[in-house]
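# quick one: sequence plus predicted model below, questions after.
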Amino acid sequence: MPPLLFLALRILTGLGGAMLVVVTLSAAIRSFVLPRNEVVRLNVWVFMGVRLVFDVAARFANSYERRDRIMAHYAPVALVALPVAWEALVSVGYTGLYWAVGEGTWLHCYQLSGSSLLTLGTIDDFSLVGGILTYSEATLGLLLLTLLLSYLPTIYQAFARRETTVALLELRAGTPPTAACLLGWLNHDGSVQNDDQQWAAWEQWFVEIEESHTSLPILSFFRSPQPGRSWVMAGGLILDTATLLFAAVDGPRPRQVEMTFKAGCLALNRVYRFFDAKAGAEPVDLMAGEGAETPGRADFDEACRLLADKGLRLCADRNAAWAHYRELRSRYRPALEFLSRLTMAPSLRPGA
């Protein structure tokens with residue numbers, strides 16, 4: 001090979017290796033340090049690769065409980081795979097850098113890169129420039145692991161706060177939880193106008209969901225300790241309860257319930273848009289499949305019957321209430337259905 005061509009190849013290899021290292025470090029910083037939600041393509045590819053393996057395994061499961069047990073391992077495995085992928089890419093990048101500065105054959109450069117990244121010290125045959133690269137790679141390897149380890153407590157604290165509300169909802173909304181049962185619990189003293197404290201707590205929960213599940217998206221895939229629970233189902237349950245209250249119950253709308261409903265719609269739709277770039281790109285046909293005799297209407301009528309049995313005063317015009325319920329639910333239904341499919345959440349019905 002001509003000397004000039006060989007020199008150009010070394011320069012291009014060095015630039016490519018440096019770019020790979022910079023891209024990987026940028027992905028790590030944007031994942032755990034940058035205080036805003038960004039789609040990190042490198043992380044997406046890692047998560048999708050791991051998810052493909054789990055989807056194949058879940059496809060052979062013959063029950064939801066077995067699929068749930070399989071998918072419960074997805075988020076932890078994907079999270080552990082992330083620094084492994086980062087360090088593998090850094091190792092490849094530095095291999096190119098070592099070769100570019102003349103540290104020997106590709107095999108020797110790869111061994112030198114692995115020894116430096118993992119701080120093994122098994123190879124010490126390098127030049128001055130190679131030594132500088134070696135120390136920088138060792139520092140970077142420790143930094144990548146430290147970033148993940150330092151944010152693991154943050155991830156699990158957010159998970160614990162989320163699941164506390166999910167578990168409390170199950171106690172109040174029955175098993176399986178329903179919006180009608182939860183609204184009946186809120187009416188335990190004969191009024192649904194004096195539960196501002198409870199609705200404010202749910203508003204805070206939605207605000208935390210929006211922040212944590214977009215800045216740390218892997219949190220969305222951490223499943224509840226109990227197979228029948230899901231943060232997506234819990235969010236839908238709270239919003240369905242507010243929707244039933246607005247559409248079916250005769251009386252003024254509590255202001256705090258309106259704030260919680262808005263916070264919930266924003267949270268679910270923003271998480272939805274984070275995971276699906278096509279979110280909101282196509283109009284939703286609100287009338288499709290929801291006629292007067294559809295299962296959705298039957299569930300709504302059953303929920304109204306249960307509310308009447310619990311002593312709530314309902315709107316006289318049931319058709320108008322159903323139309324209002326459908327309109328309100330359309331504000332979060334696409335997000336709820338998408339996130340349910342994405343996380344393999346249990347189904348939710350407004351009635352019993």
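Nice, thanks for sending it over.
# where in the stretch 101-250 of the chain is pLDDT low?
122, 124-126 (pLDDT under 70).
# can you pull out the helices in it?
106-117, 128-173, 179-186, 196-215, 231-248 (DSSP state H, counting those that start in this stretch).
# so which of these is the most packed in?
Comparing the helices of the stretch 101-250 of the chain by mean neighbour count (mean count of other C-beta atoms under 10 Å), helix 231-248 comes out on top with a mean of 26. (C-beta placed from N, C-alpha, C; glycine too.)
# after that one, next one along is what?
Where DSSP states H and E defines the elements, the next helix or strand beyond helix 231-248 is helix 255-275.
# other SSEs contacting the helix or strand that comes right after that next one?
Using DSSP H and E, the helix or strand that follows helix 255-275 in sequence is helix 295-309. Helix 295-309 is packed against helix 179-186, helix 231-248, helix 318-329, with contacts defined by 3 or more C-beta pairs under 8 Å, 6 or more residues apart in numbering; DSSP states H and E.
# got the angle for whichever helix or strand comes after the last one vs helix 318-329?
Using DSSP H and E, the helix or strand that follows helix 318-329 towards the C-terminus is helix 333-343. Between helix 333-343 and helix 318-329, the angle formed by their directions is 60 degrees, by axes from the mean of the first three to the mean of the last three C-alpha atoms, to 10 degrees.
# put the alpha carbons of helix 333-343 into PDB.
Extracted in PDB, the C-alpha atoms of helix 333-343 (Å, rounded to 0.1, in the frame of the first residue of the first chain):
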ATOM      1  CA  ARG A 333     -57.300   6.600  25.000                       C
ATOM      2  CA  PRO A 334     -54.700   6.400  22.200                       C
ATOM      3  CA  ALA A 335     -51.800   6.900  24.700                       C
ATOM      4  CA  LEU A 336     -53.300   4.500  27.100                       C
ATOM      5  CA  GLU A 337     -53.800   1.800  24.400                       C
ATOM      6  CA  PHE A 338     -50.300   2.300  23.000                       C
ATOM      7  CA  LEU A 339     -48.600   2.200  26.400                       C
ATOM      8  CA  SER A 340     -50.600  -0.900  27.400                       C
ATOM      9  CA  ARG A 341     -49.300  -2.700  24.300                       C
ATOM     10  CA  LEU A 342     -45.800  -1.400  24.800                       C
ATOM     11  CA  THR A 343     -45.600  -2.600  28.400                       C
END
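# can you give the contact residues for that helix?
Surrounding helix 333-343, the residues in contact under the criterion C-beta atoms under 8 Å, 6 or more residues apart in numbering are 220-221, 223, 230-233, 235-236, 239, 268-269, 271-272, 275-276, 279, 284, 345, 347-348.
# shaky segments in the stretch 251-352 of the chain?
Those would be 277-295, 347-352, if you go by pLDDT under 70 across the stretch 251-352 of the chain.
# how about G121: what's its closest non-neighbour residue?
Of all residues beyond its chain neighbours, the one nearest G121 is S115 (6.4 Å), with distances taken as C-beta to C-beta, 6 or more residues apart in numbering.
# how close does that neighbour get to H108?
With the distance defined as C-beta to C-beta, to the nearest Å, S115 ends up 10 Å from H108.
# same question for L42.
Distance from L42 to H108, by C-beta to C-beta: 28 Å.
# coming back round to it: now for S115 and H108: what residues contact both?
With C-beta under 8 Å, 6+ apart, S115 and H108 have common neighbours I123.
# in a strand, that's where A345 is, yeah?
No - counting by DSSP: H, G, I helix; E, B strand; the rest coil, A345 is not part of a strand but coil.
# neighbours of it, how many?
22 (other C-beta atoms under 10 Å).
# could I get the contacting residues of it?
So A345 contacts S230, V232, M233, L339 (C-beta under 8 Å, 6+ apart).
# list the contacts for the second one?
Each residue near V232 by C-beta under 8 Å, 6+ apart is listed here: L336, L339, S340, T343, A345.
# if we go to 6 Å?
Contacts for V232 were tallied using C-beta atoms under 6 Å, 6 or more residues apart in numbering; they are L339, S340, T343, A345.
# V92: how many residues sit nearby?
V92 has 16 nearby residues by other C-beta under 10 Å.
# ugh, typo on my part, it should be L15
L15 has 13 neighbours, counted by other C-beta under 10 Å.
# now do the same for it: its pLDDT.
The score at L15 is 94. That number is its pLDDT.
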